[in-house]
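J.: compute the structure for the input listed below.
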Amino acid sequence: MCLTGLDYFSTLGYQPAIAALAAGLVAPIATLVLVALTLLGALPVYRRVAKESPHGEGSLAMLERLVPSWGGKLVVLVLLGFAATDFMITITLSAADATAHIVENPFTPSWFQGHEVPITLVFCLLLGAVFFRGFREAISIATVLVTAFLAVNVVVVVRSFWEVARHPVVVGDWWHALFTTHSSMLGIVLVALVVFPKLALGLSGFETGVVVMPQITGDRGETEDAPHGRIRGARRLLLAAALIMSTMLIASSVVTTLLIPQEQFQPGGQAYGRALAYLAHALLGEGFGTVYDVSTILILWFAGGSAMAGMLNLIPRYLPRYGMAPQWAGATRPLVLILTAIALVITIIFRASVDAQGGAYATGVLVLITSAAVAVTISARRRRQRRAFLGFAAVTAVFLYTTVLNVFERPEGVKIATVFIAAIILTSLLSRVLRSFEVRARSVTLDDTALAMVQATADRGGTIRIIAKEPASESAPEYLEKLRNERRFNGIPLGSVPLFLEVHHGDASDFEEDLEVTGTDVDGYQVLHVTSGSVPNAIASVLFAARDATGIVPEIYFEWSEGNPVRNMLRFLFLGTGEISTVTHEVLRATEPHRSRRPHVHVG
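T.: Numbering: from 1, shown residues only. Below you'll find the model as predicted:
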């Protein structure tokens with residue numbers, strides 16, 4: 001909970017000040033609206049996401065299942081762009097905010113002023129160094145930092161309420177000023193509803209909570225197919241984090257509004273961006289105030305840890321599986337180095353400015369939560385759960401309104417997300433083209449009939465001959481004609497009895513897959529069947545499986561593909577068909593460097 005809640009809990013360092021700046025005296029009511037949306041909206045949404053996607057893919061996996069083929073992949077890539085915006089800006093924004101707290105502390109040497117960029121770069125490098133060592137170290141640090149940060153915040157809030165109890169006149173003054181500024185309670189509520197989207201940063205952290213679900217230990221003996229203990233643990237995690245944060249948000253908003261003059265929340269004021277830190281110094285002395293500042297600086301520095309954990313769990317689950325990232329993207333340390341380098345570039349571009357990155361951060365958070373709400377709404381609809389559907393539809397409408405309003409007010413968030421989306425899609429497509437000649441099958445399983453057919457062919461003639469055939473009606477005359485053509489054009493000896501291999505076309509957008517080869521007998525003609533999104537790559541995989549099962553290098557027979565070679569190659573890249581024979585040969589050549597062990601390709 002501490003690791004995934006780093007970003008969530010760290011918003012206490014600046015959320016009360018943001019609420020006061022946006023809503024003024026209405027800040028406590030606006031915060032109540034935010035908490036209500038958290039507990040009645042975001043929490044139920046992500047508890048359902050945890051149940052339906054317990055393997056760390058998050059809401060993206062649900063949308064991928066709901067939208068088929070390339071459409072689903074494109075939706076996931078776009079949402080990964082927003083996730084990258086959310087997670088990467090979390091790293092750089094939190095580090096920049098930690099730097100701001102250092103510079104603004106009264107005990108900080110004056111020469112720190114003007115060196116915000118190098119200090120923030122050091123924070124980013126230190127975060128990357130922790131994750132380069134491993135997750136266990138990151139979780140240990142997160143536990144210490146979150147515990148300490150929440151403890152000092154509780155001290156500040158309790159001391160602040162004691163101050164309110166000693167001077168109850170501040171409550172009356174606030175109430176009088178509130179109704180002097182706003183004529184009715186209805187007007188106050190409307191103001192709270194209008195400004196609450198500006199408080200959306202207080203919703204961060206839910207997507208990370210479900211993304212890192214594989215780190216949660218489930219019940220003893222449970223399987224990946226039924227991880228009930230993991231789901232139960234994740235839902236407890238989400239509930240605990242939401243209750244802790246909701247309580248702290250309401251309490252902090254109340255005391256900061258009652259005890260801090262409104263002008264201090266404005267830019268240049270002592271409470272600007274650091275309301276609870278202001279109270280810590282004012283009520284508990286400069287010594288404890290500095291302790292509060294140090295704890296805030298440390299958790300803000302490490303708040304990017306939840307984002308880093310999310311990216312390290314999310315990227316390997318999608319891009320390599322789509323063929324849209326190199327295989328090493330599934331390894332933690334190279335990925336940590338790349339993400340750290342991107343964070344350094346972002347920090348330099350934005351000059352370590354918190355304000356410049358705030359819009360992008362809020363946009364990423366809101367788009368991810370909205371997409372999760374859409375996913376669970378569609379899921380409830382398909383399962384015909386009427387009450388759940390209506391409830392989630394209402395939540396989706398609220399989040400959609402919040403997202404649209406945020407985009408109109410701070411369009412730079414969408415602009416930054418668009419850069420991430422374009423970069424992900426372009427590099428993904430380039431990677432897919434460069435990896436197009438790989439053997440994509442994670443595994444190839446021959447059923448008993450198929451294995452017996454391959455073994456019998458090898459034992460009978462000492463050679464495994466396979467004819468590649470397009471799936472059709474599976475009639476004996478069809479196989480007879482195909483066999484006659486191959487004997488004529490490819491010189492298959494009359495005495496040999498070849499196998500037929502038919503690849504049934506699957507989802508071409510899938511890159512990695514597990515192949516199941518089945519064998520059937522059609523009036524004496526022995527046929528192997530397999531379903532795959534890419535015909536040539538599947539044929540190559542089956543040939544290697546036959547070689548490994550028998551120890552004999554097989555031979556495959558094709559007809560030349562009709563049509564323009566360039567058009568056929570494009571069909572292969574995006575549809576998995578097209579230039580079958582030449583691509584099969586290239587896949588075999590790229591995979592097996594030794595010609596003596598490489599299956600032979602005949603084309604006539």
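J.: next secondary structure after the worst-scoring helix or strand of the chain on mean pLDDT?
T.: For the chain, counting by mean pLDDT, DSSP states H and E, helix 565-575 ranks last in confidence among helices and strands (a mean of 71). Using DSSP states H and E, the helix or strand that follows helix 565-575 towards the C-terminus is helix 580-591.
J.: check which helices and strands that next one sits against.
T.: Secondary-structure packing of helix 580-591 (3 or more Cβ pairs under 8 Å, 6 or more residues apart in numbering; DSSP states H and E): strand 465-468, helix 535-550, strand 555-558, helix 565-575, strand 600-603. Where C-beta positions appear, they are placed from N, C-alpha and C, glycine not excepted.
J.: the least confident helix or strand of the chain vs helix 535-550, what angle?
T.: 70 degrees (axes from the mean of the first three to the mean of the last three Cα atoms, to 10 degrees).
J.: could you point out which of the helices and strands packed on helix 580-591 sits nearest residue 122?
T.: Residue 122 lies closest to helix 565-575 among the helices and strands packed on helix 580-591, at 43.7 Å (Cβ to Cβ).
J.: and the least confident helix or strand of the chain, what does it pack against?
T.: Using 3+ Cβ pairs under 8 Å, 6+ apart, helix 565-575 sits against helix 580-591.
J.: quick one: buried residues of the helix it packs on?
T.: For helix 580-591, burial by neighbour count (16 or more other Cβ atoms under 10 Å) applies to 580-588, 591.
J.: just want the angle from it to helix 535-550.
T.: Interaxial angle of helix 580-591 relative to helix 535-550 (the same axes, to 10 degrees): 50 degrees.
J.: output helix 580-591 as CSV, restricted to C-alpha atoms.
T.: Below are the C-alpha coordinates for helix 580-591, written out as CSV (Å, rounded to 0.1, in the frame of the first residue of the first chain):
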residue,chain,number,x,y,z
ILE,A,580,4.0,-16.5,-47.5
SER,A,581,6.8,-18.6,-49.0
THR,A,582,9.6,-16.0,-49.1
VAL,A,583,8.7,-14.7,-45.6
THR,A,584,8.7,-18.2,-44.2
HIS,A,585,12.1,-18.8,-45.6
GLU,A,586,13.4,-15.5,-44.1
VAL,A,587,11.9,-16.4,-40.7
LEU,A,588,13.7,-19.8,-40.8
ARG,A,589,16.9,-18.2,-41.9
ALA,A,590,16.8,-15.5,-39.3
THR,A,591,16.1,-18.0,-36.5
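J.: so for that helix, mean pLDDT?
T.: Mean per-residue pLDDT for helix 580-591: 88.
J.: so which residues make contact with it?
T.: Residues outside helix 580-591 that contact it (Cβ atoms under 8 Å, 6 or more residues apart in numbering): 437-439, 468, 535-537, 539-540, 543-544, 556, 558-561, 569, 572, 598-599, 601, 603.
J.: again, only using 6 Å
T.: 437, 439, 535-537, 539-540, 558, 561, 572, 598-599, 601, 603 (Cβ atoms under 6 Å, 6 or more residues apart in numbering).
J.: filter these down to the buried ones.
T.: By 16+ other Cβ under 10 Å, these give 437, 439, 535-537, 539-540, 558, 561, 572, 598-599, 601, 603 as buried.
J.: what's the closest of those residues to residue 522?
T.: Lowest distance from residue 522 to these (Cβ to Cβ) belongs to residue 539, with 19.3 Å.
J.: ok, now which ones touch that closest one?
T.: residue 584.
J.: which pLDDT value goes with it?
T.: We have a pLDDT of 91 for residue 539.
J.: pull out the buried residues from the one helix or strand residue 18 maps to.
T.: Element membership of residue 18 [criterion: DSSP H and E] is helix 15-23. Within helix 15-23, the residues that qualify as buried are 15-23, counting by 16+ other Cβ under 10 Å.
J.: what's the following helix or strand after that helix?
T.: Later in the chain than helix 15-23, the nearest helix or strand by DSSP H and E is helix 27-37.
J.: which other helices and strands does that next one contact?
T.: Applying 3 or more Cβ pairs under 6 Å, 6 or more residues apart in numbering; DSSP states H and E, we find helix 27-37 packed against helix 15-23, helix 185-195, helix 228-259.
J.: would you format those helices as TSV with mean pLDDT and distance to residue 419 included?
T.: Putting the helices and strands packed on helix 27-37 into TSV (pLDDT from 0 to 100; distance: least, Cβ to Cβ, whole Å) gives the following:
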stretch	mean pLDDT	distance to residue 419
helix 15-23	84	25
helix 185-195	79	29
helix 228-259	91	30
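J.: so of those, which one's packed in deepest?
T.: helix 15-23 (a mean of 25; mean count of other Cβ atoms under 10 Å).
J.: coming back round to it: what's the angle from the helix holding residue 18 to helix 27-37?
T.: Helix 15-23 runs at 110 degrees relative to helix 27-37, counting by the same axes, to 10 degrees.
J.: what stretches of the stretch 51-200 of the chain score poorly on pLDDT?
T.: By pLDDT under 70, the weakly predicted segments of the stretch 51-200 of the chain are 68-69, 105.
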